[in-house]
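> Task: produce atomic coordinates for the following.
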Amino acid sequence: MKLRIILIVLSLLAFLSASLGGFLYYSSLKESAFEQAERQSALEAERIKNGLSSFLSENLRSVKALAGLEQLKQALSSKDDDVLAGANFMLDHFNNSLCADVCYLMDHEGNTVASSNRKATDSFVGENFSFRPYWRQAIQGNPATYMALGITSKRRGVYYSHPVYGESGKTPIGVAVIKAPIEPVEE
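Below is the predicted model of the structure:
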C-alpha cells in the first residue's frame with residue numbers, strides 16, 4: 001500500500017512537473033512571438049512613415065524651383081499678357097513634367113493670377129485661396145505642405161506652396177503652388 005501511495009505521489013509530481021514545464025514553455029513562446037510581432041510592426045510603421053514622408057517632401061524642391069522662376073516673378077509685378085503667357089507656359093511645363101493635378105500662382109492677396117488649368121471649366125484663375133493654410137504660411141515666407149479637399153476641383157490632393165520673392169528678396173510678392181494627386185498615398 002505504501003508503494004502504491006509513493007507511486008501515485010511520484011506520478012502526480014511528474015504530471016505537475018511536466019504541466020508546469022509545458023506552461024512555462026508555452027508562456028515563453030507566446031512572449032517571444034509577441035515581441036517579434038511588435039518588432040515587425042515597429043519596422044513596418046517606420047517603413048510606411050519613411051515612404052509617406054518621402055512622398056510628402058517629393059515636390060518641395062520642385063515648388064521652390066517654380067517659385068524662383070523669373071516668369072512667375074514678372075507675372076506678379078506686371079499685368080502684360082505676354083508676361084502672363086510666359087508664366088502660364090512655365091506652369092504648364094511643371095504640371096506636365098511632375099504629373100501634378102495643377103500648378104498655379106497666387107498674388108499677395110491670395111488671388112490666382114496664372115494656372116495650368118486656366119482653360120478648364122474648374123479653372124483656378126480669379127479664385128481667391130487666401131483662407132488656405134498653405135497660402136497663409138507661404139505668404140509669411142515659409143514653404144508649406146497641406147493635404148486637403150479642393151474647394152474648386154472637389155478633388156483631394158497634396159498642396160505644396162512656396163513664397164515668390166520680388167527684387168528685394170525680403171518679403172513675398174506671391175505664392176507658387178503645386179497640387180499633387182493623393183492616390184499614391186492611398187495605394
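> and the helix or strand harbouring Leu16, what does it pack onto?
Element membership of Leu16, judged by DSSP states H and E, is helix 2-57. Where contact means 3 or more CB pairs under 8 Å, 6 or more residues apart in numbering; DSSP states H and E, helix 2-57 is packed against helix 183-186. Backbone N, C-alpha and C define where each C-beta goes, glycine included.
> Tell me how far the helix it packs on lies from the chain's centre.
9 Å (CA atoms, centre = their mean, to the nearest Å).
> List the contacts of it.
For helix 183-186, contacts defined as CB atoms under 8 Å, 6 or more residues apart in numbering pick out Leu52, Phe55, Val158.
> what number of residues lie near the first one?
So the one you mean is Leu52. When neighbours are defined as other CB atoms under 10 Å, Leu52 has 12 of them.
> And the last one, by the same measure?
By other CB under 10 Å, 22 other residues sit near Val158.
> State whether it is indeed within a strand.
Yes - counting by DSSP: H, G, I helix; E, B strand; the rest coil, Val158 is located in a strand.
> roughly how far apart are it and Val175?
From Val158 across to Val175, the span is 16 Å (CB to CB, to the nearest Å).
> Likewise for Asn117?
Here Asn117 is placed at a distance of 16 Å from Val175 (CB to CB).
> Give the next helix or strand downstream of the helix holding Leu16.
Per DSSP H and E, the helix or strand that comes after helix 2-57 is helix 60-67.
> Which strands and helices lie in contact with that following helix?
Counting by 3+ CB pairs under 8 Å, 6+ apart, helix 60-67 packs on helix 81-98, strand 156-165, strand 172-181.
> Any chance you could list what contacts it?
So helix 60-67 is contacted by 72, 90-91, 94, 98, 103, 143, 145, 160-165, 175-178 (CB under 8 Å, 6+ apart).
> Just the buried residues from these, in PyMOL please.
Selection command for PyMOL covering only the buried members of those, criterion 16 or more other CB atoms under 10 Å:
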select buried, resi 72+90+91+94+98+103+143+145+160+161+162+163+164+165+175+176+177+178
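> who does Tyr160 bridge with?
Beta-bridge pairing of Tyr160 under DSSP bridges involves Thr145, Ile178.
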